[in-house]
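Chemist: quick one, structure for this:
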Amino acid sequence: MDAAEYLDLLLKALLLAGVYAAMAVGMTVVYGVMKIVNLAHAGFLMLGAYFSFELFNRFHVNPVLGAVIALPVFFLFGMLVHWLLVRWLPKSDTPTLASLLLMFGFWLVLQNLAYARWGNDDQSIFTPLTLSAVHIGDTISIPKVNLVVFAAAVFCMVVLQIVFHRSWFGRSMRALIQNPYGAQIVGVDDQRTARLTFGLGTAFAGFAGALLGMLYSFSPDFGRPFLLRSFVIIVLGGLESVSGVALGAIVLAILETFSTVIPLPWYSHGWHTFYLPPSYQPVVPFVLLVVVLVIMPKGLAGLFNRKWKTA
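Modeler: Numbers count the residues shown, from 1 in each chain. Modelled structure (predicted):
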């Protein structure tokens, strides 16, 4: 491969990283404020894809607009789930078995409801953007749908950052992430903030699922591989670091994109060039998760903080 082809892959990886960041940020804020590993995140991603699919098929709503509509709809849905289920969980500074079982059980409920409603056939969202591309030179070709999805994801991430740093809700979230007991002492309503946070995390999961539905075919099991990717991203970026999500998404997207084209040494009766088969690409997040947990369990944010303190 020449330099232009590698540049093409790098651009596609960066575009994918924008969607990955929007996908994982919901898990980050929920864990940071409530210390819940939200396994139901996979179900919300799946429902987001089907939500956009139904709007497109029944009402001919543009899938990007459908993803934007998913934000308030899934925000209200998330607050309802919190009021019905999550608020009864015991408070803890660390994830509990009860929260894991509740979220896992709720994910299975959502998945089986989806099987009952849509069956197990793969669905896809095709628009005029799906098969069109922007060409740069002779070798670089970027699908227009990837550009549109990336722009939508980045715009919502920017809005989230503004809310996170400029609003009372964002200040309440940051206070609970940094010191939950101190935040309650100074008057932060932890229950209301937790309910809004869970709604926000669900909203971004539905939004990201709708965007991913424009890039991939989907079924009721759609969220499972992306749940693992979300875990890898938030662990890599730092479990409670919203800004670290972007860095973790970039690292994962680049590794996944280049994993099948970078030659690796392999010993089999002598050294040979080995390329990872595309079918083994899902192995990359598993390997990266293990490496990160062993070498830097606090993620890249913890690694950088440690270097700054020792500098």
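
Chemist: next up, the contacts around Ser259.
Modeler: Each residue near Ser259 by CB atoms under 8 Å, 6 or more residues apart in numbering is listed here: 276, 281, 284. For glycine as for every other residue, the C-beta is placed from the backbone atoms N, C-alpha and C.

Chemist: make a markdown table out of these and add distance to Leu97 and secondary structure.
Modeler: Below are the contacts of Ser259 laid out as a markdown table (distance: CB to CB, whole Å; DSSP: H, G, I helix; E, B strand; the rest coil):
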| residue | distance to Leu97 | secondary structure |
| --- | --- | --- |
| Leu276 | 36 | coil |
| Gln281 | 32 | coil |
| Val284 | 29 | helix |
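
Chemist: which one of the residues you listed has the most neighbours?
Modeler: For the contacts of Ser259, neighbours were counted using other CB atoms under 10 Å, and Val284 has the most, 19 neighbours in all.

Chemist: quick check: that residue touching Thr257?
Modeler: No: the pair Val284 / Thr257 is not scored as a contact, 9.6 Å apart, by CB atoms under 8 Å.

Chemist: need the residues touching each of these two.
Modeler: Counting by CB under 8 Å, 6+ apart, Val284 and Thr257 have no shared contacts at all.

Chemist: how about Glu115, nearest residue that isn't a chain neighbour?
Modeler: Slight slip there: residue 115 is Tyr, not Glu. Nearest non-adjacent residue to Tyr115, counting by CB to CB, 6 or more residues apart in numbering: Pro220, 4.8 Å away.

Chemist: do you know how far that neighbour is from Leu85?
Modeler: For Pro220, the distance to Leu85 (CB to CB, to the nearest Å) stands at 20 Å.

Chemist: looking at the two now, which is surrounded by more residues?
Modeler: Neighbour totals were compared for Pro220 and Leu85, and Pro220 leads with 24 against 15 (other CB under 10 Å).

Chemist: closest to Pro180 among the contacts of Ser259?
Modeler: Closest approach to Pro180 among the contacts of Ser259 (CB to CB): Val284, at 34.6 Å.

Chemist: residues touching that closest one, list them.
Modeler: Taking CB under 8 Å, 6+ apart as the test, what Val284 contacts is 252, 255-256, 259.

Chemist: most surrounded residue in the residues you listed?
Modeler: Most neighbours among the contacts of Val284, by other CB under 10 Å: Leu252, with 26 neighbours.

Chemist: measure that residue to Phe169 for me?
Modeler: Between Leu252 and Phe169 the distance, using CB to CB, works out to 28 Å.

Chemist: which strands or helices does the helix or strand hosting Val109 pack on?
Modeler: According to DSSP states H and E, Val109 maps onto helix 97-118. Judged by 3 or more CB pairs under 8 Å, 6 or more residues apart in numbering; DSSP states H and E, helix 97-118 is in contact with helix 41-59.

Chemist: next, the angle from the helix or strand following the helix it packs on to helix 41-59.
Modeler: Using DSSP H and E, the next helix or strand after helix 41-59 towards the C-terminus is helix 63-84. Relative orientation of helix 63-84 versus helix 41-59 (axes from the mean of the first three to the mean of the last three CA atoms, to 10 degrees): 130 degrees.

Chemist: so where is the stretch 151-300 of the chain shaky, pLDDT-wise?
Modeler: Counting by pLDDT under 70, the stretch 151-300 of the chain contains low-confidence residues at 240, 262-275.

Chemist: in it, which spans are helices?
Modeler: For the stretch 151-300 of the chain, helices defined by DSSP state H, counting those that start in this stretch occupy the ranges 168-178, 180-185, 190-215, 223-237, 242-258, 283-295, 299-310.

Chemist: which helices and strands sit right next to the fourth one?
Modeler: So the one you mean is helix 223-237. Counting by 3+ CB pairs under 8 Å, 6+ apart, helix 223-237 packs on helix 3-34, helix 41-59, helix 242-258, helix 283-295, helix 299-310.

Chemist: can I get the ones you listed in a markdown table with distance to His135?
Modeler: Compiled in a markdown table, the helices and strands packed on helix 223-237 are given as follows (distance: least, CB to CB, whole Å):
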| stretch | distance to His135 |
| --- | --- |
| helix 3-34 | 10 |
| helix 41-59 | 27 |
| helix 242-258 | 19 |
| helix 283-295 | 28 |
| helix 299-310 | 35 |
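
Chemist: wait, which of the ones you listed is closest to Leu196?
Modeler: Nearest to Leu196, of all those, is helix 3-34, at 9.2 Å by CB to CB.

Chemist: pull out the buried positions in that closest one.
Modeler: For helix 3-34, burial by neighbour count (16 or more other CB atoms under 10 Å) applies to 8-9, 11-34.

Chemist: do stretch 57-64 as well
Modeler: Judged by neighbour count using 16+ other CB under 10 Å, the buried positions of stretch 57-64 are 61, 63-64.

Chemist: try stretch 180-192
Modeler: By neighbour count with 16+ other CB under 10 Å, stretch 180-192 contains the buried residues 180, 183, 188, 190.

Chemist: lovely, talk soon.
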